[in-house]
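[1] I'd like to go over a predicted model; first the sequence, then the structure.
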Amino acid sequence: MFFHGLLALASVSIAQNPQDNAATYYSRDKNFLIPFKSPGVASKISKIMLHVSEDFGKTYALAGTAIPSQDQFLFRSPKDGWYWFAVQSQEVDGKMSPPNINLAPPSLKICVDSTPPQVTLRGILKDGVANVDWDIRDENLDLATMRLEFRGADGKEWVPLSAQQLAQGQHTWNPSGSSSIEVHLTIRDKAGNFGESKIAIQPNGMRSGSIALDGTGAKGNVSMVKSRRFQLNYKIDDVGPSDVSRIEVYVTRDGGRTWRKYDQDAPKNPPCTIEVPEEGRYGFTLIARSGVDLGEQPPRSGDIPHFWVEVDETRPVVRLIGVDVGRGIDLGNLSITWTASDRYLGPNPIQISYAKTAEGPWTPAVSNLPNTGRYVWRLPNDGLPYQFFLRVEATDLAGNVGTAETTAPVKVDLSTPKARVISAEVTAIGGASNTSAAPSTPVNNFTPPPPPSSPLPSRNNPPPFSPPPPPPPSSPSPEKSSANPASFPGSGNGSVPPFPSDPNKND
């Protein structure tokens with residue numbers, strides 16, 4: 001049983017991930033069709049069941065059933081996120097294939113992403129040189145689709161710019177003429193969602209930009225810090241003979257709608273130390289005053305800050321779901337599943353480390369992993385302990401680190417020792433080489449009598465009659481005596497009783 005491609009409903013757009021051999025797809029629609037094909041004789045199969053996992057293959061739940069003639073499933077995802085699929089068939093005699101769906105590898109992985117990229121664009125045109133910077137936010141960006149272009153005030157065709165395709169970047173060029181220009185940036189994510197931003201820049205040296213509000217302020221040229229106390233670096237241009245008397249600091253918390261002057265001015269020489277009361281996004285604009293008190297106008301409502309600072313002191317939340325040691329064909333592989341969440345996770349925030357003890361020290365195994373929730377680590381042949389603790393780390397853009405560790409060591413040595421006897425040797429008494437010697441430690445402390453001078457008695461060679469010696473005078477002769485369990489017959493005298501060749505036959 002296997003999936004046969006993926007069909008989309010209505011406006012669904014499916015983008016294939018080439019790194020997963022056509023097994024991973026992205027969809028901007030939450031409802032889609034999943035075709036399948038039945039191998040072998042379809043008449044033996046009574047129904048086919050689609051199972052879905054929302055925890056990266058750890059557990060599966062039934063998502064739908066179909067008969068072989070239907071050839072497809074309709075799946076409706078409740079929310080955005082990753083969905084792993086596996087199919088199970090039931091034959092007419094009730095036999096299930098595979099028998100346990102939770103042990104079956106996924107046949108298809110689909111990321112449902114209905115959120116378009118958020119694009120913020122800012123620019124300045126001064127002395128005939130244009131400069132723009134941008135910030136693009138999306139978990140599944142397709143940077144190969146990014147396009148940056150501009151056109152003059154005459155509104156003619158857009159001129160493409162050879163800008164680097166980065167989520168956060170900038171580009172400088174010299175547009176012909178000195179009139180205002182329009183700049184346009186477009187991009188799509190892997191699910192086909194479209195994001196764009198367009199700004200108009202005037203040739204007055206003032207920075208213009210788009211604002212994408214998200215409840216905490218605007219997005220733009222943002223610097224991430226992990227402390228409420230930080231420093232601003234800056235540069236002062238066009239200083240006259242009267243020098244600079246002071247530098248005023250203005251701050252906004254609502255994307256430029258309202259402004260207030262910071263309590264302290266910035267020094268003439270950077271940096272300027274700022275302390276804010278809480279986490280969040282802050283916009284800053286610096287106004288320099290000359291020695292004769294000349295300078296730019298303070299920011300007004302609607303003005304865009306010169307610089308954004310995102311204060312983020314919250315660590316990512318990481319949960320280690322499972323660590324599975326491979327067996328059989330997966331021997332030597334370690335499958336690790338996790339979840340990591342944070343508002344500002346980067347594109348490759350995950351690191352996996354190991355340590356001999358829970359206290360460390362921790363040795364990085366693999367770094368710069370995307371937050372896919374699962375990684376199969378091919379264990380090295382040597383240099384790794386036979387058991388160790390495992391840690392998953394997630395680092396956000398501000399540098400905060402969240403971790404999750406195993407509570408017990410992971411045992412990667414699955415060998416089961418087996419003991420077996422390969423030979424036996426007789427140890428001689430006193431070190432003499434005599435293969436017929438008795439054991440060096442007598443059984444039950446019994447020392448056998450010396451061997452007789454004549455051959456052992458047998459049926460054809462009976463022993464001569466010899467009356468038993470009388471009992472010692474000091475020892476009473478009981479009518480019945482009980483045998484000592486620690487002794488053998490014949491102990492205590494020099495004779496050996498007859499031992500018949502057939503114990504079941506009486507002479």
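    Perfect, I can see it now.
[2] how's this structure carved up into domains?
    2-112, 116-210, 214-311, 317-411 (automatic domain parsing).
[3] now these in JSON lines, with mean neighbour count?
    From N, CA and C alone the C-beta is placed, and that goes for glycine too. Output for the domains of the chain, formatted as JSON lines (neighbours: other Cβ atoms under 10 Å):
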{"stretch": "domain 2-112", "mean neighbour count": "16"}
{"stretch": "domain 116-210", "mean neighbour count": "17"}
{"stretch": "domain 214-311", "mean neighbour count": "16"}
{"stretch": "domain 317-411", "mean neighbour count": "16"}
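[4] so which of those gets nearest P417?
    Among the domains of the chain, the nearest to P417 by Cβ to Cβ is domain 317-411 (12.8 Å).
[5] same question for that closest one, mean pLDDT?
    Domain 317-411 shows an average pLDDT of 89 in the prediction.
[6] Looking at the domains of the chain, spot the one closest to S423.
    Shortest distance between S423 and those, using Cβ to Cβ, is found for domain 317-411: 30.3 Å.
[7] The closest one: end-to-end distance?
    Terminal residues of domain 317-411 lie 26 Å apart, using Cα to Cα, to the nearest Å.
[8] ditto for stretch 51-59
    With Cα to Cα as the measure, the ends of stretch 51-59 fall 10 Å from one another.
[9] how distant is it from the center of its chain?
    For stretch 51-59, the distance from its own C-alpha centre to the chain's C-alpha centre is 15 Å (Cα atoms, centre = their mean, to the nearest Å).
[10] next one: stretch 369-383
    For stretch 369-383, the distance between its averaged C-alpha position and the chain's averaged C-alpha position is 8 Å (Cα atoms, centre = their mean).
[11] Can you give the contact residues for that stretch?
    Residues from elsewhere that reach stretch 369-383, judged by Cβ atoms under 8 Å, 6 or more residues apart in numbering: 55-57, 82, 321, 332-340, 345, 347-352, 365-366, 394, 412.
[12] one step back: for the domains of the chain, give me a markdown table that also has distance to E425.
    Rendered in a markdown table, the data for the domains of the chain read as follows (distance: least, Cβ to Cβ, whole Å):
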| stretch | distance to E425 |
| --- | --- |
| domain 2-112 | 48 |
| domain 116-210 | 70 |
| domain 214-311 | 71 |
| domain 317-411 | 33 |
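[13] what ranges do the helices span in this structure?
    According to DSSP state H, the chain carries no segments that qualify as helices.
[14] What part of it, helix or strand, is modelled with the least confidence?
    Among the secondary structure pieces of the chain, namely its helices and strands, strand 14-16 has the lowest mean (mean pLDDT, DSSP states H and E), a mean of 35.
[15] can you list the weak-confidence ranges in this protein?
    Under the criterion of pLDDT under 70, the regions of the chain flagged as low confidence span 1-22, 38-43, 155, 178, 204-221, 414-416, 429-507.
[16] coming back round to it: out of the contacts of stretch 369-383, which are inside strands?
    Filtering the contacts of stretch 369-383 for membership in strands, criterion DSSP state E, returns 82, 321, 333-340, 345, 347-352, 365-366, 394.
[17] you'd agree S367 is up against Q351?
    Yes - taking Cβ atoms under 8 Å as the definition, S367 is a contact partner of Q351 at 4.5 Å.
[18] can you list residues touching both of the two?
    By the contact definition Cβ under 8 Å, 6+ apart, S367 and Q351 are jointly contacted by no residue.
[19] before we move on, back to that, which one of the domains of the chain lies nearest to A428?
    When these are compared for distance to A428 using Cβ to Cβ, the nearest one is domain 317-411, at 41.3 Å.
[20] How far off centre is the closest one?
    With Cα atoms, centre = their mean as the basis, the mean position of domain 317-411 lies at 6 Å from the chain mean.
[21] for stretch 136-152, same thing?
    Its chain's average C-alpha position is 28 Å from that of stretch 136-152, according to Cα atoms, centre = their mean.
[22] Out of the domains of the chain, flag the one nearest V421.
    Closest approach to V421 among the domains of the chain is made by domain 317-411 (27.2 Å; Cβ to Cβ).
[23] Would you mind measuring from D324 to V292?
    73 Å (Cβ to Cβ, to the nearest Å).
[24] same thing with Y250?
    Noted for Y250: a distance of 21 Å to V292, by Cβ to Cβ.
[25] What separation do you get for R374 and T24?
    Remark: distance between R374 and T24 (Cβ to Cβ) = 12 Å.
[26] again, but for P105
    Here the distance between P105 and T24 works out to 13 Å (Cβ to Cβ).
[27] can you check E248 too?
    52 Å.
[28] now do E196
    Between E196 and T24 the distance is 26 Å, computed by Cβ to Cβ.
[29] Likewise for P409?
    Applying Cβ to Cβ, the value for P409 to T24 is 33 Å.
[30] and if you look at V311?
    Going from V311 to T24 by Cβ to Cβ gives 36 Å.
[31] In this structure Y344 contacts V225, no?
    No - counting by Cβ under 8 Å, Y344 sits too far from V225 to count as a contact (11.2 Å).
[32] wait, doesn't Q351 sit right on T395?
    Yes - under the contact definition of Cβ under 8 Å, Q351 touches T395, with a separation of 7.3 Å.
[33] on that earlier part again, now do the shared contacts for Y344 and V225.
    Residues touching both Y344 and V225 by Cβ under 8 Å, 6+ apart: E310, D312, A398.
[34] Go through these and say which is closest to A153.
    Checking the shared contacts of Y344 and V225 against A153 with Cβ to Cβ, the nearest one is E310 at 34.4 Å.
[35] So that closest one sits against D396, correct?
    No - in this structure, E310 is not within contact of D396 by Cβ under 8 Å, at 10.2 Å.
[36] which residues does F56 contact?
    Under the criterion of Cβ under 8 Å, 6+ apart, the neighbours of F56 are W82, W84, I321, T337, T372, G373, R374.
[37] rerun at 6 Å
    T337, G373, R374 (Cβ atoms under 6 Å, 6 or more residues apart in numbering).
[38] now do S77
    Applying Cβ under 6 Å, 6+ apart to S77 gives the contacts K30, V112.
[39] try N140
    Contacts of N140 (Cβ under 6 Å, 6+ apart): D113, D189, K190.
[40] Pick out whichever of the residues you listed sits closest to P203.
    The shortest gap between P203 and any of the contacts of N140 belongs to D189, at 34.1 Å (Cβ to Cβ).
[41] what's across from that closest one in the sheet?
    Counting by DSSP bridges, D189 forms beta bridges with L141.
[42] cool, C272 as well?
    Taking DSSP bridges, one finds L232 as the beta-bridge partners of C272.
[43] that older thread, V317: which of the contacts of F56 is nearest?
    G373 (13.3 Å).
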